[in-house]
Structures are given as C-alpha cells and as structure tokens.
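**Student:** Model the structure of this input:
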Amino acid sequence: MSDNSIDLNWLASEAGQITIQQAAAYDDAFAAVTNLRKQNPDIEPDLISQAITQAKLRRSLLSRWKIDVSRFLLTQDGIHQATRPAVANWRAELIVREFGTGVRVLDLTCGLGFDALAMAQAGLNVRAIELDPITVDCARHNLLGTDVVIEQGDATRMQISDVDVIFIDPMRRDPKGARSIDGATARISNPDNWSPSWSFIEELAEQHKVICKVAPGISDEYLGAWDTTWVSHDGDLVEAMAVSGGSGKKQAVVLGESQGLVVEGVGPARVSSIGRFLVVPDSAITRADAIDALAEKVCGGLVNEHIGWITTESQQEISNLLASKPKLADVFEIVAVTKAEPKSISQAIRDIPASAVTIMTRGIQIDVEQMRKQVAPKLSKSAPELVVALYRDDSGNKGLICRRIAG
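**Tutor:** Just a heads-up that it's a prediction; the model follows:
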C-alpha cells in the first residue's frame, strides 16, 4: 500500500489504534485480513489493510530497536531512514553539552520525527521541516506532547533565520527505486545525489553550524574539515555524523544499553607477529581509523599493515577488554595458523571438534560457502563453534583457526 493512501486521522483514533493492536497478533497477512474483517464488520476493508500495514511496520521497527513503538505512526520509507532512539538521545545530549539547553535547533529534514523528539526531550528548542505531507502528519502525531513546531516545506527553499544549529538527515535512498523484500529501496552512494545534496549542505555550513547524519561509508574527499563520528549501537554500525567548522577530526562512539565509549585514533598501528588472541574491532572503530587506540589498549598490533585485525599475547589486557561495556570488539583465541587454502585449513581443523564453522575474511575474495564445504570437519553438537579467519598477507594469505571468547 502506498504511503499516500494512509488515513492518518483514523489510524490515530481510538478505533484505529485498537485495530492496529488486533492486527499485531497475526504474522500472516491473509489471516490478519480474514480475522480482522470478521471482528470489525463496520470498518472499511481499506482501513483494515492500513491497520495491518501499521502493525507490520511497528513489528519491523521493534525488531531493530527493541523498544515499545506502539504509539508511533509510521511509513515504509520513514522507518528505513529513522534514527535509533539510543543514537538520537546521544546526539541530543551532545548538542546540549556543546551549545547548552534551550538552544534553537532546526531539524531541516525531520522525517518521522524521532531525532526531533529526542532533542525536544533533552530541552532543546526545536523547529522541524519535512517535505512529504504524509510524513509531516505522522511526525506531528509522533511528536504530540512536545513543543516542536513542524512545517511542511522543501529544505532547499527555506528562509533560515533565528537558528543556532541545523540538523540535517538527507534522503539517502532512491524513493523511485525497486524495493527489497523488507520494503527498502536502494541506497544512494554518491552524496551529490542525496536529497538535499552534499553541495547544498556544504553551502548551508558556510552560514550556519550544521550537524549532518551521513552514510558510514562516506568518502574522505567529501568530509574535508568536517569533524566526523562513526556511531555503532549494540554492535551495529548505524551511521556517521559530520559537524561543520571542525578540523577534520575522526572518532568512534560505541553505544551500549546504558553507556557509550569514545575511541579516537592518533596514528597508524604497528604490525605484530601472530599472538595468542585475535581482536576484531567494532566497525565504528575501524571506520574512524581508531584501530591504533584499541591495539594500544590490548598491547597488540595489526596482523598486517593493510588489515584491520589486531593480535596480542596479553591475557590480562584481553580480560580487561572483555569486561568493558559496551563491547569494543569480538575476541578470539587462536589455536592454529595455516595457509588460506582449503587443503591446509582442512588439515588444521581435522582433529578440532566443532558444532559449526564460521569463516571471516579480510582483503581476499573467496566463495565462503564453497570454502566451508571444502574444509568442514565432522561436526559435533556438543563442541563450540570454530572460526576460520582468512586474510591477505604479503608472505602468502593466512588462515587463523580460532575459538570465539564470550565477554
């Protein structure tokens, strides 16, 4: 169903909310339609379908956010652009620390309103703009109880005044593109094709302080002097945030359930001979070129100067790393070193019991499924997982046979 056919007034009504709750009890769309029509003979079939769609969107968002989303009205495109509440809260707190409570923030592309909600709850004075009229109405519903002023308009045509900070989250998906099975359209990799475009955002930054949510894979050529933070949450790299008027500083923020850690690199990490442990940094740390800070923390070095994996001998530092909250890396104990080719790997793991074999790669292209079939030993349900870490090395590609160490 198109977002343009949503009856938001009915969905927000008591009858609409009850019907959405009823729809949430069914995973199968056909069963939902059949049963809801029997339970609600006075409700038009189209409204039943809209309630089912809302229930499906809430289920999708709940699976990612792990918090109650039952009070929100959603659109398919909106949930794929939406900021996780933990990240939105972190950003709002950052703005308060940097600029003070009550500062005037313009959310220039507010979408469903989740960033604006976090900023308003943090005590910021928020004005929000959104182009799509359906999304505007959803945002107004989602922001009930706050003082956020929401306007419909084109961000590139707005007259901007009386603003201390501009937050902008440009559309990075093609709204006209084909959709995947989960309803998402293809990502737009070129920032010049975002909406608004990166060139517009840079022009805006010449006159105002701008905080921009950008794709984690954005190229350094676009960032220049923008200070950029790569943000992960519960192990997922979710976004990068660029702040204008900086010095080109890079850092990672790793968010967990109740706290966050900042990791900032200071230079290239040294290369070390293979030790007892393999450390695979959180993706935000890797993207922020902060691997050296983690390597120093565990008294280790890189397995290869071009590969972002760390090795160390230090049991004590590994224990400290495993105890840190939130988790900064995946940690493995290396039980064997071999060549990165099927025969050698198969021989190395032949006598090692395993319930499953996981293959990780860095810097080399292989067919992982084919490799797994070629090297897989006889499996034992009672044994732990075996991890085969393959990477490019100047002396010949290597394989590290590992056991995962839980934090």
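
**Student:** Quick one: the strands in the stretch 151-300 of the chain, in order.
**Tutor:** 165-168, 209-214, 227-233, 236-243, 250-255, 260-263, 277-281 (DSSP state E, counting those that start in this stretch).

**Student:** want to try CSV for those, with mean pLDDT, distance to Ala139 and mean neighbour count as columns?
**Tutor:** C-betas here are computed from N, CA, C, even on glycine. Converted to CSV, those look like this (pLDDT from 0 to 100; distance: least, C-beta to C-beta, whole Å; neighbours: other C-beta atoms under 10 Å):
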stretch, mean pLDDT, distance to Ala139, mean neighbour count
strand 165-168, 98, 14, 23
strand 209-214, 98, 16, 23
strand 227-233, 97, 22, 24
strand 236-243, 97, 19, 20
strand 250-255, 97, 24, 24
strand 260-263, 95, 26, 17
strand 277-281, 98, 36, 23
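
**Student:** can I get those strands in TSV with distance to Gln81?
**Tutor:** Listed next are these as TSV, based on distance: least, C-beta to C-beta, whole Å:
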stretch	distance to Gln81
strand 165-168	12
strand 209-214	9
strand 227-233	15
strand 236-243	11
strand 250-255	19
strand 260-263	22
strand 277-281	27
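
**Student:** Select, out of these, the one closest to Ser189.
**Tutor:** strand 209-214 (11.6 Å; C-beta to C-beta).

**Student:** Let me know the pLDDT of the residue nearest to Ser272 when sequence neighbours are not counted.
**Tutor:** Distance criterion C-beta to C-beta, 6 or more residues apart in numbering; nearest residue to Ser272, sequence neighbours excluded, is Gly301 at 2.8 Å. pLDDT, the model's per-residue confidence, is 98 for Gly301.

**Student:** and Gly301, what are its bridge partners?
**Tutor:** Judged by DSSP bridges, the bridge partners of Gly301 are Thr311.

**Student:** Equivalent analysis for Arg404, please.
**Tutor:** When bridges are called by DSSP bridges, Arg404 pairs up with Phe332.

**Student:** For it, list the residues it contacts.
**Tutor:** 330-332, 384-385, 387 (C-beta atoms under 8 Å, 6 or more residues apart in numbering).

**Student:** Give me the longest helix you can find in this structure.
**Tutor:** When the chain is parsed with DSSP state H, its longest helix is helix 45-65.

**Student:** Give me the distance between the two termini of stretch 298-315.
**Tutor:** 9 Å (C-alpha to C-alpha, to the nearest Å).

**Student:** ok so, going back, what's next to the longest helix of the chain, contact-wise?
**Tutor:** 1, 5-7, 10-11, 16, 19-24, 26, 29, 32-33, 36-37, 40, 68-70, 72-76, 79, 82, 84-85, 182-183.

**Student:** Which of those residues are buried? Put it as a PyMOL command.
**Tutor:** To isolate the buried ones among these in PyMOL, judged by 16 or more other C-beta atoms under 10 Å, type:
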select buried, resi 6+10+11+16+19+20+22+23+24+26+32+33+36+40+69+72+73+74+75+76+79+82+84+85
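
**Student:** Now do the phi/psi pair for the nearest residue to Gly265 once chain neighbours are set aside.
**Tutor:** Closest residue to Gly265 apart from its sequence neighbours, by C-beta to C-beta, 6+ apart: Ala290 at 3.6 Å. Per-residue torsions, Ala290: phi -110, psi 20 (degrees, to the nearest 10).

**Student:** Would you enumerate the residues in contact with Ala290?
**Tutor:** Contacts of Ala290 by C-beta under 8 Å, 6+ apart are 250-252, 263-265, 281.

**Student:** got those as a markdown table, with distance to Glu305 columns?
**Tutor:** Shown next, in a markdown table, are the contacts of Ala290 (distance: C-beta to C-beta, whole Å):
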| residue | distance to Glu305 |
| --- | --- |
| Lys250 | 19 |
| Gln251 | 22 |
| Ala252 | 20 |
| Val263 | 20 |
| Glu264 | 20 |
| Gly265 | 15 |
| Pro281 | 15 |
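
**Student:** before we move on, back to that, which positions in the longest helix of the chain come out as buried?
**Tutor:** For helix 45-65, burial by neighbour count (16+ other C-beta under 10 Å) applies to 47-58, 60-61, 64-65.

**Student:** Kind regards, and thank you for your time.
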